[in-house]
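Undergrad: Dropping a prediction and its sequence here:
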Amino acid sequence: MAEYSILVVEDEHTLRRLLEYKLGKQFRVLTAENGVEALKMLDQELPDLIISDIMMPKMDGFTLQAAIQDKEETRAIPFIFLTAKADEGSQLKGRRTGVDDYITKPFDIDQLISRVQRLLERTKIFRTQLDARIGEDFSKKLMPKSLPNVSGYRTIFYNQPREHGGGDIFDWTEIRPGTFFITVGDVMGKGLQAKFYAFSFLGYIRSTLHTMMQTTESPAELIKRVNQVLIDDPPLEDTFASLLVMRWEPAKNEIVYANAGHCRPILIGPDNADVATYSDIILGLDYAAEFKDTLLTLSPGSTVIAYTDGILEQVMKNGEQLGEEGIIETVTAVANSKEPVDDMLHRILRNSKSPAFGDDVLVFWLERLAESTEEAPREQKPESVDREAIDRDPAPRAAKVSDDAADATAATEDSAAAATDATAATDVSSSCDGCRRR
Amino acid sequence: MQATSMSFFVEPVNADTAVIKIGQALDFRNAAEFKTTAQDQVRSGIQNFILDFTDTGILDSTGLGSVFSLYRQVSPLSGQVVFASVSRPVQVVVQLTRTYKVFRQFPTVDAAREGIR
């Protein structure tokens, strides 16, 4: 708890030194001999807690406490009265002015310390809650309110930020009718700071994207520029991020993407699943880094899945991280289910060491519907986040997974039949520049 | 509420090179401490860092970020950051982020000492 500072206001030298010594083992201790001195110190620095005597020369404890109550910046600092005045009158007066605790001399130092700890814990909880609130607000703003709605395609987005998670980002924009830019990334670091950086970083990406659209629509060029900005701009110093940028043109059934050290997308074809192998260095390290546009052609019934490292690094029952192989295995199993992302996450959790995800979870699922099963455009909203259901009770949902797996087998046969149609049978791996066949 | 103290063992090689032994984990819990350790070394004139990953089971993005910061700091001074004895979990992260392009790797700390000269 050395992160906390305590102001001790006590005129008696011996007691002041004793408190300084005892409390100093755990906290940073500031001392003052009377109220006047204490107020001067408060102008310089705000402690996390104040312990004050009542009877002191120059300015007594009551006057000091009243002055502290009058000032907005000091009013909320936890305050303990420490005094020989055991009579009811001063106790009442002390209470009436709204102090947090009132300890009479002679007192037990351990008891004092435990009260101090309790009060500081309250402060800590408030702070954590505030951080969580701000973090949640950032997270919400960082995530989309809607998804591209294109006939012949299905898009699913799932995001569940964790309190101690980092700066996952997802963004999409239709830069002109029929051309979408989709950005998935992760700003390094944890907690509120990472979320804050992610928030600013997304602003940079969006403005760079819109500026660059005048001259180029290359994801690689965009990433290259963002990388230079990260290295050049002092406010972004020490910011590192992985970034996947995809330009999606549904009319051509094509995605052109560039990848700066981000988790590699998975491509599920009608009969195989591949990692889109191409990737380049993460942003913020090498000013001269070059990136490459890579083409993915989407045949009917194929899906591109982008995600962040929370999934990749989830620890499985065998103690190993899920990894790319694990993700491929999972998505293959759920590819034809009705709610593939939900099922994917439940399947992962069912095989995880712990029943919840340890980090932020973000999945973007982009599926070209098999031509025979083209559906009426559906209302597309981001998946409602039901983390509690996932955390609380993975078992009943897991049962659902196996149902879907049965469906999946049947559906696979359907799509295999559809794939006999020569035009639909474009082989995913041959059309995927840089894909690794599994 | 006490912060887990995870100090890093630093072994000087010569006037401008040092080995920092990364323990079992370099992650959000001790990344700040790593930064401080490395900072102190840079201040005392060290430009080349050999990071020993022999025992490292966890390297998360905050941990990796602290290594990147060090790289950003020493590279304008023509300094280097190299990885030695890279464990499998660390290798996975390095591959994923394609950072082997800037961090040279050596099979052992001794090989790194030789190689960095």
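TA: Thanks, I have it.

Undergrad: Please make it C-alpha for all contacts and neighbour counts, starting now.
TA: Fine.

Undergrad: what's near enough to touch residue 32?
TA: Defaulting to chain A. A:7-11, A:38, A:41 (C-alpha atoms under 8 Å, 6 or more residues apart in numbering or on different chains).

Undergrad: My question was about chain B, not that one.
TA: residue B:66.

Undergrad: swap in residue A:143?
TA: A:159, A:169-171.

Undergrad: from these, which ones fall inside strands?
TA: A:159, A:169-171 (DSSP state E).

Undergrad: still on that earlier bit, let me have the contacts of residue A:143 in a markdown table, adding distance to residue A:144 as columns.
TA: Converted to a markdown table, the contacts of residue A:143 look like this (distance: C-alpha to C-alpha, whole Å):
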| residue | distance to residue A:144 |
| --- | --- |
| A:159 | 10 |
| A:169 | 10 |
| A:170 | 7 |
| A:171 | 6 |
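
Undergrad: For the residue in chain B that chain A sits nearest to, which non-adjacent residue is spatially closest?
TA: Using C-alpha to the nearest C-alpha, the single residue of chain B nearest to chain A is residue B:97, 3.8 Å away. Leaving aside its sequence neighbours, residue B:97 sits nearest to residue A:261 (C-alpha to C-alpha, 6 or more residues apart in numbering or on different chains; 3.8 Å).

Undergrad: Surely the one you found and residue A:281 touch.
TA: Yes - the pair residue A:261 / residue A:281 is scored as a contact, 4.9 Å apart, by C-alpha atoms under 8 Å.

Undergrad: what is in contact with the two at once?
TA: Taking C-alpha under 8 Å, 6+ apart as the criterion, residue A:261 and residue A:281 both touch B:97-99.

Undergrad: Highest neighbour count among these?
TA: residue B:97 (24 neighbours; other C-alpha atoms under 10 Å in any protein chain shown).

Undergrad: Who are the contact partners of that one?
TA: Contacts of residue B:97 (C-alpha under 8 Å, 6+ apart): A:242, A:260-262, A:280-282.

Undergrad: what's the answer for residue A:99, then?
TA: Per C-alpha under 8 Å, 6+ apart, neighbours of residue A:99: A:78-81.

Undergrad: where does the stretch 251-400 of chain A come near chain B, residue by residue?
TA: Counting by C-alpha under 8 Å from any C-alpha of the partner chain, the stretch 251-400 of chain A comes close to chain B at A:260-264, A:279-282, A:285-286.

Undergrad: Pull the most distant pair out of those residues.
TA: A:264 and A:286 (19.9 Å; C-alpha to C-alpha).

Undergrad: Which of these two has more residues huddled nearby?
TA: The residue with more neighbours, out of residue A:264 and residue A:286 and counting by other C-alpha under 10 Å, is residue A:264; that gives 23 against 18.

Undergrad: Quick one: mean pLDDT for the helix or strand hosting residue B:111?
TA: Residue B:111 belongs to helix B:109-116 when assigned by DSSP states H and E. Across helix B:109-116, pLDDT averages out at 92.

Undergrad: what packs against that helix?
TA: strand B:48-52, strand B:80-84, strand B:104-106 (3 or more C-alpha pairs under 8 Å, 6 or more residues apart in numbering or on different chains; DSSP states H and E).

Undergrad: what residues does it touch?
TA: B:13, B:19, B:48, B:50, B:52, B:82-85, B:105-106.

Undergrad: and those, which are buried?
TA: Neighbour-count burial (16 or more other C-alpha atoms under 10 Å in any protein chain shown) applied to these gives B:19, B:48, B:50, B:52, B:82-85, B:105-106.

Undergrad: neighbours around the residue in chain A positioned nearest to chain B, how many?
TA: Distances between chain A and chain B by C-alpha to the nearest C-alpha are smallest at residue A:261, namely 3.8 Å. For residue A:261, the count of nearby residues is 25 (other C-alpha under 10 Å).

Undergrad: which ones are touching it?
TA: A:242-244, A:279-283, B:96-99 are the contacts of residue A:261 under C-alpha under 8 Å, 6+ apart.

Undergrad: State the pLDDT value of residue A:89.
TA: Per-residue pLDDT puts residue A:89 at 62.

Undergrad: first vs last residue of stretch A:251-270, how far apart are they?
TA: The first and last residues of stretch A:251-270 sit 20 Å apart, counting by C-alpha to C-alpha, to the nearest Å.

Undergrad: looking only at pLDDT, what's the mean for that stretch?
TA: 94.

Undergrad: quick one: the strands in the stretch 51-200 of chain A?
TA: Using DSSP state E, counting those that start in this stretch, the strands found in the stretch 51-200 of chain A span residues A:79-83, A:101-104, A:153-160, A:167-176, A:179-187.

Undergrad: Tabulate those in JSON lines, adding columns for distance to chain B.
TA: As requested, the strands of the stretch 51-200 of chain A are exported to JSON lines (distance: least, C-alpha to the nearest C-alpha, whole Å):
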{"stretch": "strand A:79-83", "distance to chain B": "21"}
{"stretch": "strand A:101-104", "distance to chain B": "22"}
{"stretch": "strand A:153-160", "distance to chain B": "18"}
{"stretch": "strand A:167-176", "distance to chain B": "10"}
{"stretch": "strand A:179-187", "distance to chain B": "9"}
